[in-house]
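after the sequence you'll find the predicted model.
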2 protein chains.
Amino acid sequence: MSPPLPRDPIADAQRNWESHGWSDVAAPMAAITAIMRTQQILLARIEGVLKPFGLTFARYELLALLSFARSGALPMNKASALLQVHPTSVTNAVDRLQTAGLVVRSPHPTDGRTTLIELTAEGRTLAKRATAVLNAEVFGQSGFGEEDVNQLIRILGDFRRGAGDFTG
Amino acid sequence: MSPPLPRDPIADAQRNWESHGWSDVAAPMAAITAIMRTQQILLARIEGVLKPFGLTFARYELLALLSFARSGALPMNKASALLQVHPTSVTNAVDRLQTAGLVVRSPHPTDGRTTLIELTAEGRTLAKRATAVLNAEVFGQSGFGEEDVNQLIRILGDFRRGAGDFTG
DNA sequence: GCAATATACTAGGACATCCAACGGTTTGGA
DNA sequence: TCCAAACCGTTGGATGTCCTAGTATATTGC
């Protein structure tokens, strides 16, 4: 990776915003930009860990979701809703997971429009192994302090509720 | 957009982690997943605002960066480092901005390897207009409380420093 | 019962990101 | 001095995301 910058580019941007008369929105701008950059860093770590398994984060999320479903199967639209991604993204992920033999498509017993995604035995095993490594190498070494983790969960939970992700 | 879910899927995932004996990493997992989702929501808002300008967030970031440079010009590699993205992403963005007449490439006066990106008059004007709308519609209505914004800046700043983004 | 509407999934296209590899330029040590 | 190593930007390929449109199946209303 590239060497660290001598200065925080986001803090610089915040100062630029303030010196241009946008002080009222400089802080939110900095917070939002920091979220963007943090996501990029975390995604790179996760993908690095998953690569040896032939998985990407999108595919892993789907595998993990299926592994927690009672029957190990979910309708495509349900998966799309729970993962909060576009239906076509699920189609894409399922295509690749199916090619890899980790899931199979099967028709819904009563609704002809719906397709069920079902975990195969290999899919379940791989999900388990990938989760173990992810827990050890990423989530277990996140770099966030314990109290900061709680703050993030609370702040981002409030935000997501306000954005209409969920109710309650 | 899709209707809100009855339950927070990330909180559910956290409970799943805990019930599978991974309590020690359940909270960081939830925090990281929440960052992923929050980034997605914010990016969608930003892109929605920028679309009428024919800009994406990646292109806007480059325009904004150039508009804050003293001379209105920056070497490609400098832009890549400050935006913290891969050089090929900058090449891609510059290609499109140049086609749109918002920037031009020019050779570096002393280093034949380096290419300078220069803002055109239209580029500077568009950056100004896009920033005004972004400030009003996104940063000014972020949905984060004032104190939460400060918390985010602090927490994510610590994280980014720890991840090697910058020193100091 | 049948037409109109709604829902589910997929195909094709645009865009961004990264990585690997390549050709041109500069730098630094033998 | 001169060549190897480092550096810079671009091209080509893979992946993911979204949007629009199209096909098939369900549901609703008259």
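Received it, and whenever you're ready, just let me know what you need. Not measured: the values here are computed from a predicted model.

tell me which residue of chain A lies closest to DNA strand D.
A:Gly112 (2.5 Å; CB to the nearest atom of the strand). Heads up, the C-betas are built off the backbone N, CA and C, glycines and all.

I'd guess that residue is in a strand, am I close?
No: counting by DSSP: H, G, I helix; E, B strand; the rest coil, A:Gly112 is located in no strand; its state is coil.

can you mark which positions in the helix ranked longest in chain A are buried?
Longest helix in chain A, counting residues (DSSP state H): helix A:23-50. Using 16 or more other CB atoms under 10 Å in any protein chain shown as the test for burial, helix A:23-50 gives A:25-39, A:41-43, A:45-46, A:49-50.

and the closest residue to DNA strand C within chain A, what's its pLDDT?
DNA strand C sits closest to A:Asn77 of chain A, with a gap of 3.0 Å, by CB to the nearest atom of the strand. The model reports A:Asn77 with a pLDDT of 96.

could you do A:His20 as well?
95.

repeat that for A:Leu66.
97.

just give me the neighbour total for it.
A:Leu66 has 23 neighbouring residues, counting by other CB atoms under 10 Å in any protein chain shown.

next, the closest residue to it other than its chain neighbours: phi, psi?
Distances taken as CB to CB, 6 or more residues apart in numbering or on different chains place A:Leu119 nearest to A:Leu66, at 4.5 Å, with adjacent residues excluded. Backbone torsions of A:Leu119, given as degrees, to the nearest 10, read phi -70, psi 140.

re the thing from before, distance of the residue of chain A closest to DNA strand C from A:Ser142?
A:Asn77 is 32 Å from A:Ser142, where distance means CB to CB, to the nearest Å.

who's more crowded, the two?
Shown here are A:Asn77 and A:Ser142; by other CB under 10 Å, A:Ser142 has more neighbours (21 against 14).

test my guess that that one contacts A:Asp148.
No: counting by CB atoms under 8 Å, A:Ser142 sits too far from A:Asp148 to count as a contact (9.2 Å).

now do the helices in chain A.
A:9-19, A:23-50, A:57-68, A:76-83, A:87-99, A:121-137, A:146-162.

list phi and psi for the residue of chain A closest to DNA strand D.
Dihedral angles (degrees, to the nearest 10) for A:Gly112: phi -70, psi -10.

show the pLDDT at it.
pLDDT at A:Gly112 comes out at 91.

where's it relative to A:Arg105, distance?
Taking CB to CB, one finds A:Gly112 at 14 Å from A:Arg105.

ok, the two, which is more surrounded?
The neighbour comparison of A:Gly112 against A:Arg105 (other CB under 10 Å) goes to A:Arg105, with 13 against 8.

count of neighbours near A:Leu63?
24.

also A:Pro52?
10.

how about it, what does it touch?
By CB atoms under 8 Å, 6 or more residues apart in numbering or on different chains, no residues touch A:Pro52.

now do 10 Å
A:Pro52 makes contact with A:Arg129, A:Ala130, A:Val133 under the criterion CB atoms under 10 Å, 6 or more residues apart in numbering or on different chains.

and for A:Arg45?
A:Phe57, A:Leu134, A:Glu137, A:Val138, A:Gln141, A:Ser142, A:Gly143, B:Ile32, B:Ala163.

turn those residues into JSON lines, including distance to A:Gly123 and pLDDT.
JSON lines is the format used below for these (distance: CB to CB, whole Å; pLDDT from 0 to 100):
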{"residue": "A:Phe57", "distance to A:Gly123": "16", "pLDDT": "96"}
{"residue": "A:Leu134", "distance to A:Gly123": "16", "pLDDT": "97"}
{"residue": "A:Glu137", "distance to A:Gly123": "21", "pLDDT": "96"}
{"residue": "A:Val138", "distance to A:Gly123": "21", "pLDDT": "97"}
{"residue": "A:Gln141", "distance to A:Gly123": "27", "pLDDT": "95"}
{"residue": "A:Ser142", "distance to A:Gly123": "26", "pLDDT": "94"}
{"residue": "A:Gly143", "distance to A:Gly123": "30", "pLDDT": "94"}
{"residue": "B:Ile32", "distance to A:Gly123": "23", "pLDDT": "98"}
{"residue": "B:Ala163", "distance to A:Gly123": "32", "pLDDT": "95"}
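
quick one: low-confidence ranges for chain A?
A:1 (pLDDT under 70).

what residues does chain A put near DNA strand D?
A:56, A:58-59, A:85-86, A:88-89, A:92-93, A:96, A:110-113 (CB under 7 Å from any atom of the strand).

please repeat the previous calculation with a cut-off of 6 Å.
With CB under 6 Å from any atom of the strand as the criterion, chain A meets DNA strand D at residues A:56, A:58-59, A:85-86, A:88-89, A:92-93, A:96, A:111-113.

not counting sequence-adjacent ones, nearest residue to A:Ser23?
Closest to A:Ser23 by CB to CB, 6+ apart is A:Trp17, at 7.2 Å.

what is the neighbour count of that neighbour?
23.

one more: A:Asp95?
12.

hang on, A:Val143 packs against B:Ile35?
Check again: residue A:143 is Gly, not Val. No: using CB atoms under 10 Å, A:Gly143 is not in contact with B:Ile35, being 12.0 Å away.
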